[in-house]
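Colleague: Next comes the sequence, and after it the predicted model I'd like to discuss.
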Amino acid sequence: MEITAPEVKAQLDAGDAVVLIDVREPGEHAITHIEGAELIPMNTVPQRFQYLEGKADEATLIVFCHHGMRSLNVVNWLRGQGIEACQSMAGGIDAWSLQVDPAVARY
């Protein structure tokens with residue numbers, strides 16, 4: 001259900017099929033973001049379900065937010081809808097900044 005930020009980085013470095021999905025709000029994304037991640041705010045996930053389902057057929061969805069609570073809720077919802085190829089990045093973008101890339105600003 002969850003994956004750590006260093007584990008996500010290792011998967012990216014290994015070339016594993018993963019897609020980063022940022023479920024924060026546009027204002028949060030404007031403050032800082034992970035390069036290559038796709039912004040799909042949490043409240044738009046149901047409308048983007050078919051798109052996410054298609055992405056999950058190709059790769060594991062790594063969902064993240066600020067600290068990991070919203071992304072865990074999104075992953076629980078996606079799994080309830082039948083998408084198993086998804087995980088929440090524990091600690092969110094804050095953990096990414098602390099454990100992987102200090103160039104990603106904290107807020």
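Modeller: Happy to help now that I have it.
Colleague: Confirm residue 88 sits in a strand?
Modeller: Yes. Counting by DSSP: H, G, I helix; E, B strand; the rest coil, residue 88 is part of a strand.
Colleague: How are the strands of this structure distributed by residue range?
Modeller: 2-3, 18-22, 38-39, 60-64, 86-89 (DSSP state E).
Colleague: pLDDT on the last one, on average?
Modeller: When pLDDT is averaged along strand 86-89, the result is 98.
Colleague: Name the surrounding residues that touch that strand.
Modeller: 1-5, 8, 56, 60-64, 68, 71-72, 74-75, 78-79, 95-96 (Cβ atoms under 8 Å, 6 or more residues apart in numbering). (C-beta placed from N, C-alpha, C; glycine too.)
Colleague: Give the pairing partners of it; include direction for each.
Modeller: strand 2-3 (parallel), strand 60-64 (parallel) (DSSP bridges).
Colleague: what's the closest of those strands to residue 12?
Modeller: Across those, residue 12 has its closest neighbour in strand 60-64 (8.8 Å, Cβ to Cβ).
Colleague: Can you check what angle separates that closest one from strand 18-22?
Modeller: Strand 60-64 runs at 30 degrees relative to strand 18-22, counting by axes from the mean of the first three to the mean of the last three Cα atoms, to 10 degrees.
Colleague: Could you check how far strand 60-64 is from the centre of its chain?
Modeller: With Cα atoms, centre = their mean, to the nearest Å as the basis, strand 60-64 stands 4 Å off its chain's centre.
Colleague: now stretch 66-78
Modeller: Counting by Cα atoms, centre = their mean, stretch 66-78 comes out at 9 Å from the chain centroid.
Colleague: contact partners of that stretch?
Modeller: 1-2, 21, 23-24, 28, 42, 45, 52, 56, 61, 63-65, 86-95, 107.
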